[in-house]
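In: Sequence first, then the predicted structure:
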Amino acid sequence: MSKTPLRPLALTVLILPWASAWAAVERETFEVYVTIPSADFFVLPLDPQLVQREQRLPFSTITGELSPLRAIYEVKNSNGSIDARLAEEAYLSNGRERIDLQVRFNNVPLTLDSTPVVSASEARPGRQVPLEIAAVRPAGENYVPGDYYGTVHMVFDAVAP
């Protein structure tokens, strides 16, 4: 009589460790955010990863050229045009050497001075415009080998008519 209750208990003790091995658990954690621009003025990259991650300018070992970074921005100013400028000179540096960068927004070269980049008639309904960041090759020289880093700071202004 005492053997009957012990058998199910012994079977349970043997099976219980295997049951937990079959119940695998995976957990994923990631951050979510959203930027909702005002309806009147915005200048935003179509791909938000553009400004969240470091961007690479690919170097061709065959041609010795740096490929430009190209992106699309969505722009709108319901009350006028849009001007842009660089907050500081755009360049890459390895600590000793420097590679200047040419920044073009809507095919307009940006400098430290504010420049019209989207007219009021184009900005009013909103549109997509290109951004291009290209390395300026040293005159008659090759790029000096090394790891180069830099930051491009652009400033956009809503210009009232």
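Out: Perfect, thanks for sending it.

In: Please count neighbours and contacts with C-alpha atoms only from this point.
Out: OK.

In: pLDDT score for T115?
Out: pLDDT for T115: 96.

In: Could you do T4 as well?
Out: What the model reports as pLDDT for T4 is 58.

In: R96 in helix, strand or coil?
Out: Assigned by DSSP: H, G, I helix; E, B strand; the rest coil, the conformation of R96 is coil.

In: Burial check on it, number of neighbours?
Out: 8 (other C-alpha atoms under 10 Å).

In: Can you tell me the element the residue positioned nearest the centre of the chain falls in?
Out: Among the residues of the chain, the smallest C-alpha distance to the mean C-alpha position (C-alpha atoms, centre = their mean) belongs to L50, namely 1.7 Å. Using DSSP states H and E, L50 sits in helix 49-52.

In: do the same with E122
Out: In the assignment (DSSP H and E), E122 maps to helix 120-123.

In: Tell me the spacing between the residue nearest to the centre of the chain and V32.
Out: 16 Å (C-alpha to C-alpha, to the nearest Å).

In: same question, V103
Out: Plainly put, V103 is 30 Å away from V32 if you go by C-alpha to C-alpha.
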